[in-house]
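Chemist: whatever this is, show me its structure:
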Amino acid sequence: MLRRLVGERLDLSRGTDLARFFLIAGVIAPLAAALMTVSIMGRFRGDHALSTLAAWAAADGLGALIAVPVLLTLRNLKLHLKETPLKPSAWMSLAILALVSGVVFTSSQPVVFLIPPALLLLVFQLELTGAAFGVVIVVSTAVISGLTNVGPVTQMGISERLLVVQVFLATVVVISFPTAAVLAQRRHALEELKAARAAAEAAAAVKGDFLANMSHELRTPLTSVLGFTRLALEQPDLSAASRGYIDRASTAGAALLATVNDILDFSKLESGQLQVRPEPCDVLKVAHETLDMFSSAADAKGVVLRFEPGEVPPSLAADPNRLRQLLLNLIGNAVKFSEDGDVVLAVSWNPASQRLTMSVTDQGPGIAEAQQSLLFRRFSQVDASSTRRHGGTGLGLAICMGLVEAMGGEIGVESEPGKGARFFFEIPAPEAAVPESAPEEEGPVFPVGVRVLVADDHAVNRELVRVVLTPFGAVIVEAANGVEAVAQASLAPFDVILMDLRMPEMDGLDAMTAIRQGDGPNRNAPILAFSAGLDGPGAEGRRQAGFDGDLSKPLMPMDLVAAVIRHAGAPEPAAVQETDAA
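Modeler: Sure thing, here's the model as predicted:
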């Protein structure tokens, strides 16, 4: 009957199996067996038929409840001990139970209530194994007590004594085995939770690697698209139509880059890798400059941008890049969803709490209260239909929330349909000392004849560097992978080395290390990490490894020129010698 109802493998650690066992082995089977026995022996008649039936059924049921769970557990003892091994604490619990059982069954006082706590202590250590061992210890002690005629039930008759002991032992089983089953299920659930967590962490690591690869693969062609379109737009002989086409291509490339950056930033926020670096900065200047970036887009729609600065110290400890990123999202959304009216950026600072508050208010369509909960969720938008007017990944506000929370602040929205919206955030920003301004110098001069080694596995990126720097008189030497870069660096000195981080045969980090550790002429040359996603974790580690700085992709021509001026300095005339590879 048990096999039919439970299955081939009866597992007492499962609550359902244990309940079915108690029902069948403790009630149904003993009643059926007693009924058959009484019928066969002809004792189903008379005044004592029901009492005889009950006595036999009780005896069979109590015996099954006491013996069978123990035997089933001991049959799989190796498996149970593998899951819950005998540790010193378990041995101690076994000894305590044995001592308590001995005291209980040798004392004339009814102190049997001492056994359940000692038994449960063992069950908490060994689960089903502890329940089985505990019942064996208690049964053995009870049998010895009965044979030696000592203990709290010596005044009873033999049949009464046997019934009382059976009931007590069955109670011990009913207490210990369900508790053990609950503990085993809890342990299995924790193990499954740990396994699921490990799988999730592994999946997150795989996703991180995938996004890192995608960052490189997407930003590499974007470097060429944006770089060459900017260079094309600077050509004076472009026709108006051609300039318009190229400008549209540049705008589309910038939009694609923004989408890629949103996905990568959100991934970093999810994995806790996005860093916030507070430093003394002029937050009003950051806010005003960011607002000005949308002047063209606002003018095209007839939207007026207004800046309302409050009483803010000239220098606060905040991350200017993350502040700018927050404002770009909030102001960009306000301009995008406004058809007319004003977009107001307000900045205030509370000297008592040392907290900075920024808000962006628009006169757009507004947002219903029921829809406001969707705003800060990832990949969600108030209007997500196929006919929506405004595009986007739905990550901008989710990234804003992650950034604000990473800075220890709060973000929110106030809005009503038809009355616009006000997005605001508040972050800790203690007052900081104003950094000393550097003495004014004449504009930077590009070093004549500077020698640049650019190592990148994409020829179009090397060509872009050549196109940008050659008009300034730079001498460009190219390498298609890390091995070639190390070989070129061993031949002649360079004033700057641009090293892509992801290359075949030898990556940029290994190539940089080989150059630094070699005895060639570029051991101390400035080497810049030339790759995508350089603002993430690992930038500080790259500097510690030996890189002198970072040059992010997509490459901005002026950033490239500025980096060469900053790191190359004025080369010695002897350094201006072309090699065969040039």
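Chemist: what's the following helix or strand after the longest helix anywhere in the chain?
Modeler: In the chain, taking DSSP state H as the definition, the longest helix is helix 158-233. Sequence-wise, the next helix or strand downstream of helix 158-233 (DSSP states H and E) is helix 240-271.
Chemist: in that following helix, what's buried?
Modeler: 246, 249-250, 253, 256-258, 260-269, 271 (16 or more other CB atoms under 10 Å). Placement of C-beta: from N, CA and C, glycine included.
Chemist: this structure: strands as residue ranges?
Modeler: Using DSSP state E, the strands of the chain run over residues 279-281, 304-309, 316-318, 342-350, 355-362, 410-415, 421-428, 451-455, 475-479, 496-499, 527-532, 549-553.
Chemist: avg pLDDT for stretch 558-577?
Modeler: Stretch 558-577 shows a mean pLDDT of 67 in the predicted model.
Chemist: next: stretch 221-239.
Modeler: Rounded mean pLDDT across stretch 221-239 is 81.
Chemist: for that stretch, give me every contacting residue.
Modeler: By CB atoms under 8 Å, 6 or more residues apart in numbering, the list of residues contacting stretch 221-239 from outside reads 243, 246-247, 249-250, 253-254, 256-257, 260, 458, 460-461, 464, 467-468, 553-557.
Chemist: any buried residues in stretch 73-87, and which?
Modeler: Result for stretch 73-87 [16+ other CB under 10 Å]: buried residues 73, 76, 80, 83-84.
Chemist: export it as CSV, just CAs?
Modeler: C-alpha atoms of stretch 73-87 as CSV (Å, rounded to 0.1, in the frame of the first residue of the first chain):
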residue,chain,number,x,y,z
THR,A,73,16.5,5.4,8.0
LEU,A,74,19.3,3.0,9.0
ARG,A,75,18.9,1.3,5.6
ASN,A,76,20.2,4.5,4.0
LEU,A,77,22.6,5.4,6.8
LYS,A,78,25.5,6.1,4.5
LEU,A,79,23.5,8.5,2.5
HIS,A,80,22.2,10.3,5.6
LEU,A,81,25.7,10.5,7.2
LYS,A,82,27.1,11.9,4.0
GLU,A,83,24.5,14.7,4.2
THR,A,84,24.9,15.3,7.9
PRO,A,85,28.2,13.8,9.1
LEU,A,86,28.9,12.9,12.7
LYS,A,87,30.7,16.0,14.1
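Chemist: chain center to that stretch: distance?
Modeler: Its chain's C-alpha centre and that of stretch 73-87 lie 36 Å apart, by CA atoms, centre = their mean, to the nearest Å.
Chemist: so what touches that stretch?
Modeler: With contact meaning CB under 8 Å, 6+ apart, stretch 73-87 is reached by 12, 90, 125-132, 184, 187.
Chemist: what pLDDT, on average, does it get?
Modeler: Stretch 73-87 carries an average pLDDT of 82.
Chemist: distance of residue 512 from residue 488?
Modeler: Distance, residue 512 to residue 488, using CB to CB, to the nearest Å: 13 Å.
Chemist: who's more crowded, those two?
Modeler: Taking other CB atoms under 10 Å, residue 512 and residue 488 do not tie; residue 512 has more neighbours (26 against 23).
Chemist: from residue 484, how far out is that one?
Modeler: Residue 512 is 14 Å from residue 484, by CB to CB.
Chemist: quick revisit: taking helix 240-271 as reference, get the angle to the longest helix of the chain.
Modeler: Here helix 158-233 runs at an angle of 160 degrees relative to helix 240-271 (axes from the mean of the first three to the mean of the last three CA atoms, to 10 degrees).
Chemist: any low-confidence regions in the stretch 101-250 of the chain?
Modeler: Where the stretch 101-250 of the chain drops to pLDDT under 70, the residues are 150-163, 208, 211-212, 215-216.
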